[in-house]
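Engineer: A predicted structure for the sequence below; I have some questions about it.
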Amino acid sequence: MIPGVMMRQRVLCWVIVGFVLLAGGIGALDATYRTSAATFADPAFARTWARTDGPVSSGAVTRTWIWGPEPRTGALIEPYRDAPGGMRLVQYFDKSRMELTNPQADPTNPFYVTNGLLATEMLTGNVQLGDAFFETHAPAAVNVAGDLDDPTGPTYASFTPLRSAPALTGGAPITATIARDGRVTDDPTRAGKATAQHYVPETKHTVADVFWSFMTSSGVVDGGATEPLFRSPFYATGFPVTEAYWSTVRVAGQERAVLIQIFERRALTYTPGNPPGFTVEAGNVGLQYRAWRAFLAIPPTPTPSPTLPPTATVSTETPTPPAEATTLAALIVDVTYDGDATSNNPNDETVVILNGSSATLDMTGWTLRDTRGHVYTFGAFSLPVDGQVTLFTGKGTDSATARYWGQSTGVLDNTGPETLTLRDASGILVDSYPYP
């Protein structure tokens, strides 16, 4: 994404921090890739990211991100019935979630690392917890594209009824527009900007030409070679689950005409007038999905959804979670540690927390604790919707966006593995963040 044209999603008030690479540089395909937000959870995740986004991060090429500038979480273990032990390793990025479902498989296989069907889950409300095991919720009322506070742009729920819409024939101009309430109208003035091109029989939808060009494009990959960016056109996106529709969305406060098509794994947008390399972009599905899961409160529906595969079942029980599952009502999105080691200023150490829910959070009495016993307790404090607060280790004056621990020396100066845990006033685990 680039300033002024990036398609901000519901949770794009996350702090975008500088990308730092440690020993080995862009060409080293191992877990030494490191950012100030999180390390890569597995060497295979690092290799997958580096192939397309390493050259973007190094400045070797100017194009949109495929995954995002860095991991947005540490290593997470999520329930998945068909993984060994019923759990699998995942890690979230701006635009997707990397998954390692079968760690005993061949790590050189391009599909050893998968990326989740997150767009499908938000479109249908069916949270996938196994190959044929789902929890059913309402579709996500989360903006697909545009400013996070755009009140009129389409959401994933807007597209839900369009999954069964007939496909356009190849070469047909794309002139259909979609409104937030799901209404589709025809705008002949859109003719000539995009056409239907590649029909996909598996889902009975046709990929727009601008998106097909992106999905089959070549470019510089890690190591300097020019290759197809995607080993399969559908590797990153999955199959299309809707046709492409125009919509008017607010981007950086300005109304823009944007073409949107939902795929199984990604939402792609086409914005005429964007600079080369950025006319087609992948939406921030990873961030959107994680926030959506944070405020899901509807109990599983014990009836099969007619849209599920015929062999699928819907949960009538709560799947076995990790030893302690997080609520993700708030998210620890960045930790800066070891500040005191170089500057003797404990306020160089910070923890950034984002409200990941759909309501104001009363954080009075919440605690932030590390595994060595350091504990910070929030006084009277509320975090607004989409708000973020920075906790400084040292001393200062508390405000609506900054809190101060009051330490004279740094406490986030560990030399070994550490995990910060955020708990609400009742002691319920809200989020955890491993570092370094």
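Structural biologist: Cool, the structure landed. Residues are numbered from 1 along each chain as shown.
Engineer: determine the longest helix present in this protein.
Structural biologist: helix 43-58 (DSSP state H).
Engineer: mind listing what's buried in that helix?
Structural biologist: 44-57 (16 or more other Cβ atoms under 10 Å). From N, CA and C alone the C-beta is placed, and that goes for glycine too.
Engineer: tell me which of those is nearest to residue 173?
Structural biologist: residue 52 (30.9 Å; Cβ to Cβ).
Engineer: so how far is residue 115 from the residue nearest to that closest one when sequence neighbours are not counted?
Structural biologist: With sequence-adjacent residues excluded and distances taken as Cβ to Cβ, 6 or more residues apart in numbering, residue 52 is closest to residue 66, at 4.3 Å. For residue 66, the distance to residue 115 equals 10 Å [Cβ to Cβ, to the nearest Å].
Engineer: same thing with residue 271?
Structural biologist: Distance, residue 271 to residue 115, using Cβ to Cβ: 23 Å.
Engineer: among these two, which residue is more densely surrounded?
Structural biologist: residue 115 (24 against 21; other Cβ atoms under 10 Å).
Engineer: from memory that one sits against residue 91, does it?
Structural biologist: No: with contact defined as Cβ atoms under 8 Å, residue 115 does not reach residue 91; the gap is 10.3 Å.
Engineer: contact partners for residue 113?
Structural biologist: Applying Cβ atoms under 8 Å, 6 or more residues apart in numbering to residue 113 gives the contacts 42, 44, 45, 48, 98, 99, 100.
Engineer: for residue 67, see how far away it is.
Structural biologist: For residue 113, the distance to residue 67 - Cβ to Cβ - is 11 Å.
Engineer: what is in contact with those two at once?
Structural biologist: By Cβ under 8 Å, 6+ apart, the residues touching both residue 113 and residue 67 are 48, 98.
Engineer: strands along the stretch 201-350 of the chain, start to end?
Structural biologist: 205-208, 218-220, 226-228, 245-251, 254-262, 267-270, 280-282, 313-314, 330-336, 350-355 (DSSP state E, counting those that start in this stretch).
Engineer: identify the bridge partners of residue 205.
Structural biologist: residue 200 (DSSP bridges).
Engineer: just to revisit the earlier point, and the residue nearest to residue 52, how far from residue 109?
Structural biologist: Counting by Cβ to Cβ, the gap from residue 66 to residue 109 is 19 Å.
Engineer: okay, those two: which has more neighbours?
Structural biologist: Taking other Cβ under 10 Å, residue 66 and residue 109 do not tie; residue 66 has more neighbours (23 against 10).
Engineer: per-residue confidence for the more buried one?
Structural biologist: We note a pLDDT of 96 for residue 66 in this prediction.
Engineer: from here on, count from 43
Structural biologist: New numbering, starting at 43: the last item is residue 108.
Engineer: touching, it and residue 137? I think so.
Structural biologist: Yes: contact status for residue 108 versus residue 137: in contact at 6.9 Å, counting by Cβ under 8 Å.
Engineer: shared neighbours, these two?
Structural biologist: residue 324.
Engineer: residue 394 reaches residue 432, doesn't it?
Structural biologist: Yes: the criterion here is Cβ under 8 Å, and residue 394 meets it with residue 432 at 5.2 Å.
Engineer: gap between the two ends of stretch 172-181?
Structural biologist: Chord length of stretch 172-181, first to last residue, is 19 Å (Cα to Cα, to the nearest Å).
Engineer: so which of the strands of the stretch 243-392 of the chain comes closest to residue 124?
Structural biologist: Judged by Cβ to Cβ, the one of the strands of the stretch 243-392 of the chain that comes nearest to residue 124 is strand 355-356, at 12.7 Å.
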